[in-house]
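S.K.: coords please:
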Amino acid sequence: MSAVTTRRFLASAVLFAASTLSHAAEITVSAAASLTDAFKEIAQGYEAAHPGSKVLLNFAASGALLQQMAKGAPVDVFASADQETMDAAVKRKLVSPSERVNFVRNTLVLVVPGDSTLAIKRLDDLRQEKVTRLAVGNPAGVPAGRYAQDALEAAKLWAPLGPKMIMTLNVRQALDYVARGETDAGFVYGSDAVAFKGKVKVAMEVPLSTAISYPIAATAGARDAAEARRFIAWVQAPAAQAVLARYGFMKP
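M.R.: Predicted coordinates for the structure are as follows:
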């Protein structure tokens, strides 16, 4: 290789490296606890497809994530398990309404331990004496808990079942309680039941008046809005949607 050719090669390499670095970024994605398994896989795929990019994942109940952002936590992408929490984020100007998009749907189910012999076909069956403890996400900050409360109130069971309820910090904690047999039943998402297949079993799908739709958005304080939007586009693309479907989620 001649000296001129070598210089041209090195110059091209430097330009390529600079171009790669200019598009590399680190973003923090705060996502609802029910998205844990799916988003871990999706983030790995995103990083593999975009060398140099790094996705930091933060999972908790949607309400807890909202409070973290309100207190100044650095978040570039917010994915909530309900519209209400995203509405609150918009109201607080943490997210622009033009940024939000629905990317997946879910169902609410009642699960029991994998070895349970309880016969639960309808919500009223939760009144039976054999059901002594019922795991429910705290409605104050857990969307799954609000969905459960709405369903139980519609069935006039929220107050009667109150003494049996064990409130949890997020939907995954409710799932853990049921899987370990610490509660006789619990309200979780259909996707959670898929993730813990064998450890829990679905007793019934809970009827709801509104669909469970998950919105995602780049935050107003995103350090790299372009990278945040690129990740959101990735989540909506066929490959990521296939991952979400494998974990029990449905198309928006």
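
S.K.: Can you point out the buried residues in stretch 125-140?
M.R.: 125-126, 131, 133-139 (16 or more other Cβ atoms under 10 Å). The way it works is simple: take the backbone N, C-alpha and C, and place the C-beta from them, glycine included.

S.K.: nearest to Arg229, of the residues you listed?
M.R.: Gly137 (30.0 Å; Cβ to Cβ).

S.K.: what bits of this structure have low per-residue confidence?
M.R.: Applying pLDDT under 70 to the chain picks out residues 1-24.

S.K.: Going along the chain, name the strands of it.
M.R.: 26-32, 54-60, 77-79, 101-106, 108-113, 134-137, 165-168, 185-189, 200-205, 212-218 (DSSP state E).

S.K.: Distance to Val235 added to the buried residues of stretch 125-140, as CSV?
M.R.: Output for the buried residues of stretch 125-140, formatted as CSV (distance: Cβ to Cβ, whole Å):
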residue, distance to Val235
Asp125, 37
Leu126, 35
Val131, 37
Arg133, 36
Leu134, 33
Ala135, 29
Val136, 28
Gly137, 23
Asn138, 27
Pro139, 27
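
S.K.: Which two among those are spaced furthest apart?
M.R.: Asp125 and Asn138 (23.3 Å).

S.K.: Give me the nearest residue to Glu41, chain neighbours excluded.
M.R.: What sits nearest to Glu41 in space, not counting adjacent residues and going by Cβ to Cβ, 6 or more residues apart in numbering, is Val243, at 5.2 Å.

S.K.: State the distance from the one you found to Gln236.
M.R.: Taking Cβ to Cβ, to the nearest Å as the measure, Val243 falls 12 Å from Gln236.

S.K.: picking up where we left off before, among the strands of the chain, which is nearest Asp87?
M.R.: Between these, strand 212-218 lies closest to Asp87; by Cβ to Cβ that is 9.0 Å.

S.K.: Direction included, what does that closest one pair up with?
M.R.: strand 77-79 (antiparallel), strand 101-106 (antiparallel) (DSSP bridges).

S.K.: what's in contact with the last one?
M.R.: Meaning strand 101-106. 34, 79, 81, 189-191, 211-217, 232, 235-236, 241, 244, 248-252 (Cβ atoms under 8 Å, 6 or more residues apart in numbering).
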